[in-house]
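Student: Output the structure for:
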Amino acid sequence: MIEVEQNVGQIKSSIDKEYDQKVLNWLSPFDHSLQQNDHLRKHQAGTGNWFLESAKYKTWVDTHQQTLFCPGMPGAGKTVLTAVVIGNLVSRFSNEQSVGVAYLYFNFWRQDDSRVEGLVANLLKQLVHRPPSPQACKHVRDLYDRHYKNRTWPSLHEITRCLELVINEFSRVFIIADALDECVTDNQCRARFIAELLKFSSYGANVFATSRSIPEVTEKFDKWARLEIRASDEDVRAYVAVQIAQSESGILKAKREKAVTKIADAADGM
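Tutor: Numbers count the residues shown, from 1 in each chain. This next block holds a predicted model:
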């Protein structure tokens, strides 16, 4: 009898997992973890520590419902640094199921979704992929059950309301958006997404965002903490030194110190 009950329990568990995966795929087909892994591979070990050790970053991590906006010039390393921040958060809270991390990478050449509804749904998907409680899954299942059978898609209000309910199931939530300047502007997608992003802190989340310094984005973050991203001299030197060491140029290796200094001086934060 016990064996039969165990088998029934295993079958039910398998069905529930298949159902939940179906719900997640319905929310969004896009997987930003592939981009995260790719950006982390480009990270030179030891670089970016200046940012993680900065007072503004530490305050942002340690204080609930904070927003940190990080503008930077093209080539300053915003995207790789964003990957470092995500990696830092995931590592720091790896043993805490009640802490959620969700992120989006925007790219001019790869527009995964040009709908605000789809972007927010992707964040929701990431949070319930590792739910802190059965109730978090239930909120998303209810949304799915209301719409899937009728082949309808939930409104932005319904998705954000569901996201708010799910955020409240966590003890902490971190939401990261990289390169907001590269979000599509069709149908005011970028402006509308930033408006939603800035609401997430009122739901209980910490928000981190990067962008080139363009008024259409930077002005929206005027009242929030700001930390400019620039490639530090130490980071540039470390990166160039490794590239020279791995190169096949004997001349570069022979003049390594001079080359590192010249390139670092010319980099000017890039």
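Student: Who's the closest spatial neighbour of residue 195, skipping the chain neighbours?
Tutor: Among residues not flanking residue 195 along the chain, residue 220 sits closest, at 7.8 Å (CB to CB, 6 or more residues apart in numbering). Any C-beta I mention is one placed from the backbone N, CA and C, and that applies to glycine too.
Student: Do I have it right that that neighbour meets residue 193?
Tutor: No. Using CB atoms under 8 Å, residue 220 makes no contact with residue 193, being 10.4 Å away.
Student: Of those two, give the one with the bigger neighbour count.
Tutor: residue 193 (23 against 19; other CB atoms under 10 Å).
Student: Was I right to think that one contacts residue 183?
Tutor: Yes. The pair residue 193 / residue 183 is scored as a contact, 6.0 Å apart, by CB under 8 Å.
Student: where exactly do the helices run in the stretch 151-270 of the chain?
Tutor: In the stretch 151-270 of the chain, the helices defined using DSSP state H, counting those that start in this stretch lie at 156-167, 189-197, 200-203, 215-218, 233-246, 250-254, 256-267.
Student: what residues does the fourth one touch?
Tutor: Counting by CB atoms under 8 Å, 6 or more residues apart in numbering, the neighbours of helix 215-218 from elsewhere in the structure are 69, 71, 180, 181, 190, 191, 194, 211.
Student: tell me, how many neighbours does the spatially closest residue to the third one that is not a sequence neighbour end up with?
Tutor: So that's residue 180. Closest residue in space to residue 180, ignoring its immediate chain neighbours: residue 211 at 4.2 Å, by CB to CB, 6+ apart. Residues lying near residue 211 (other CB under 10 Å) number 26.
Student: try residue 202
Tutor: The local packing of residue 202 (other CB under 10 Å) involves 9 other residues.
Student: Begin at 345 from now on, thanks
Tutor: Sure, I'll start numbering at 345, so the last one becomes residue 546.
Student: How about it: what's its closest non-neighbour residue?
Tutor: Nearest non-adjacent residue to residue 546 (CB to CB, 6+ apart): residue 409, at 7.3 Å.
Student: mind listing what that neighbour touches?
Tutor: 545, 546, 548, 549, 550.
Student: Which residue is the nearest non-sequential neighbour of the first one?
Tutor: By that I understand residue 545. In space, residue 545 is closest to residue 409, 4.6 Å off (CB to CB, 6+ apart).
Student: Mind telling me the two of the contacts of residue 409 farthest from one another?
Tutor: Distance extremes for the contacts of residue 409: the farthest pair is 546 and 550 at 11.8 Å, using CB to CB.
Student: picking that back up, do you know the pLDDT at the residue nearest to residue 545?
Tutor: Per-residue pLDDT puts residue 409 at 96.
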